[in-house]
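Q: I'd like to go over a predicted model; first the sequence, then the structure.
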Amino acid sequence: MARTDEPPDRRAPTIKDVALLAEVGIKTVSRVLNDEPGVRPETRDRVLKAVESLGYRRNTIASSIRRRDRRTASIGLVVEDLANPFASSVTRAIQDYAAARSHLVLVGSSDGDPARERTLVQEFGSRLVDGLVIVPSGADQSYLEYERAHGVPVVFVDRPGKRFKADAVVSENAEGTAAAVRHLAARGHERIAFLGDRQSVYTAAQRLAGFKSAMEALHGGADKRYIRTGLRDPRQARDAAVEVFGLDPAPTALVCGNNLAAIGAVHALQELGVRDRVACIAFDDVELADLLRPSLTVIAQDTAALGATAARLLFERLDEPGAPFRRTTVPVRLVPRESGEIPASA
């Protein structure tokens, strides 16, 4: 009597199973899956029907080892924090560009930790990704020489790497904060504060430089008492804003170096009861910024262009490994709303 309590066969179907069902050789199945010429249409149809019937899935890594170009149709993406709206928007743009070219994107967050960044790169390398797009952290990306030596191109996005030459895509960071200062100065502001991230971060340093340069040109220099940097989250930014606006005399306007600083600053201004009297401009758009009262003026980055350009450079690098390295700068734009129109006399 046959047993009925045996567990079902959960073994994943193999290319041999496909060949048996389609009544062809394994080589023929491989040629169909790789879309190679020389297979009769009726044979190709039988193989594809067998693949669908069995639910067969290719082992991409194993297939790439057998292919001459060793491609896996996948790329690795390292961002600082995927939960940050900036990072998620850039990621989506890269994914869309890659998907249009039948490539999968593997994504990991480094949390701004150089060791974590390196671990993610090693993990992606072990999965034989075709290339890497990285938002770099720390002061040394020379470890990427290993990846390049093994045929894996690298593109940096948002900021260039350090001690390692590669293609890079960045925003007009300094010009963005300079435009914010000019906009506020045109409304009579001279005492303008700045809240920013760690100055070891390329984008943060560039934005502070643009702020200082514009303040120098318009008002003979920035007041150091009104500048706070090293702010990594909204809570730190909120505390810094409370401290700055407790000074006498207090600033009449504020430039925030990123969206996290802006979130903290808005909370602080609300707590202090001065949101309708202090002008504020933030770098990076913030979700629902147009619904705040007053609505938030921002320096908007073109995240879609940043991501798509980084992806395009990577695919071009795959086609031409020896081409000169390029740095592409993506323009930013000031989006005027109510908070940036508050005059100094408010």
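A: Cool, the structure landed. Quantities reported herein were computed from a predicted structural model and do not represent experimental measurements. Numbering: from 1, shown residues only.

Q: buried ones in the helix or strand where Leu313 lies?
A: Per DSSP states H and E: Leu313 is located in helix 303-319. Within helix 303-319, the residues that count as buried by 16 or more other CB atoms under 10 Å are 303-315, 317-318. For glycine as for every other residue, the C-beta is placed from the backbone atoms N, C-alpha and C.

Q: Return the list of helices and strands in contact with it.
A: helix 85-99, strand 131-134, strand 154-157, strand 167-171, strand 327-330 (3 or more CB pairs under 8 Å, 6 or more residues apart in numbering; DSSP states H and E).

Q: Just name whatever secondary elements the third one is in contact with.
A: For strand 154-157, the helices and strands in contact under the criterion 3+ CB pairs under 8 Å, 6+ apart are strand 131-134, strand 167-171, helix 303-319.

Q: Tell me, how many residues neighbour Ser89?
A: Neighbour count for Ser89, taken as other CB atoms under 10 Å: 18.

Q: Identify the residue spatially nearest to His267, adjacent ones excluded.
A: Arg238 (4.8 Å; CB to CB, 6 or more residues apart in numbering).

Q: per-residue confidence for that neighbour?
A: If you check Arg238, the pLDDT there is 97.

Q: Likewise for Asp319?
A: On pLDDT, Asp319 comes in at 93.

Q: Please enumerate the strands of the chain.
A: Ranges of strands in the chain, per DSSP state E, are 74-79, 104-109, 131-134, 154-157, 167-171, 192-195, 227-228, 253-256, 279-283, 297-301, 327-330, 332-335.

Q: strand partners of the first one, parallel vs antiparallel please.
A: Which is strand 74-79. strand 104-109 (parallel), strand 131-134 (parallel) (DSSP bridges).

Q: deepest of those strands, which one?
A: Most buried of the strands paired with strand 74-79 by mean neighbour count (mean count of other CB atoms under 10 Å) is strand 131-134; its value is a mean of 26.

Q: Can you pull out the residues in contact with it?
A: 75-78, 94, 117, 121, 124, 141, 144, 147, 152-157, 161, 310-311, 314-315, 317-318 (CB atoms under 8 Å, 6 or more residues apart in numbering).

Q: Kindly give a single ChimeraX line that selects the buried subset of those.
A: Listed next is the ChimeraX selection for buried residues among these, using 16+ other CB under 10 Å:
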select :75,76,77,78,94,117,121,124,141,144,147,152,153,154,155,156,157,161,310,311,314,315,317,318
